[in-house]
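Asker: Just the structure for this:
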Amino acid sequence: MVLFPVLALFAGYLCGSIPFGLLLTRAAGLGDVRKIGSGNIGATNVLRTGSKGLAAATLLLDALKGTLPALLAARYGAEAGAIAGAGALLGHVFPVWLGFKGGKGVATYIGVLAALAWQVALVFAAVWLVMAAIFRYSSLAALVACTVVPVALYVRDLPQFALAFLLMSLLVFYKHRANIERLLAGTESKIGAKE
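Answerer: Here you go, the predicted model:
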């Protein structure tokens, strides 16, 4: 039983490290998604290939690779689910197959949240939509939503998840360092703006 948290983390990491954005764009003959736009493997950068379908598929698969390990591990306890989910996020952000250079983690974060506390995932979605509608910055919307999540989990008396998601939120913020700099400088791209 002592080894189970380590196994949950490792299994989550392996699942999360599957670079769906890269695999899908290569399979579609669009080349290496890391060589366009931001260089990330997530859905936002896949959208820059011009394929909304591939971007949507990447978003879904990146979310599911957080949902599945968290759901499976949660059968053995809430903490196990949180550990596996955190592992999936780490895998997406730092995939061993790509020299530890992965995506920014928002889709996988949402996938883990949907698995462990779907009501709070709805809160995330609502906050994201409101912020995106008002300010039209996807990155700002995601960061504000990630800030709200640990608080919402604590308020809903889910402290076993609140700490895990606080740490995961900090990781998402870390991966959005460049976005934060652009937001502060007023140079961040708005939703719908042509680059």
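
Asker: quick one: the longest helix seen in the chain to chain centroid distance?
Answerer: For the chain, the longest helix by residue count, based on DSSP state H, is helix 52-74. Remark: helix 52-74 is offset 9 Å from the chain centroid, using Cα atoms, centre = their mean, to the nearest Å.

Asker: So for it, what gets flagged as buried?
Answerer: Using 16 or more other Cβ atoms under 10 Å as the test for burial, helix 52-74 gives 54-55, 57-59, 61-74. (C-beta placed from N, C-alpha, C; glycine too.)

Asker: same question, stretch 131-146
Answerer: 131-132, 135, 137-146.

Asker: Helices of the protein, start to end?
Answerer: Along the chain, counting by DSSP H, helices occupy 4-16, 20-27, 43-47, 52-74, 78-93, 106-116, 118-135, 138-155, 159-175, 177-185.

Asker: Rebuild those as CSV, extending it with mean pLDDT.
Answerer: Formatted as CSV, those follow (pLDDT from 0 to 100):
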stretch, mean pLDDT
helix 4-16, 95
helix 20-27, 96
helix 43-47, 89
helix 52-74, 97
helix 78-93, 96
helix 106-116, 98
helix 118-135, 97
helix 138-155, 97
helix 159-175, 95
helix 177-185, 96
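
Asker: Any idea which of those helices gets closest to Arg34?
Answerer: Arg34 lies closest to helix 20-27 among those, at 6.8 Å (Cβ to Cβ).

Asker: Can you list the buried residues in that closest one?
Answerer: 20-22, 24-25.

Asker: try stretch 114-134
Answerer: Buried residues in stretch 114-134 (16+ other Cβ under 10 Å): 114-117, 120-121, 123-124, 127-128, 131-132.
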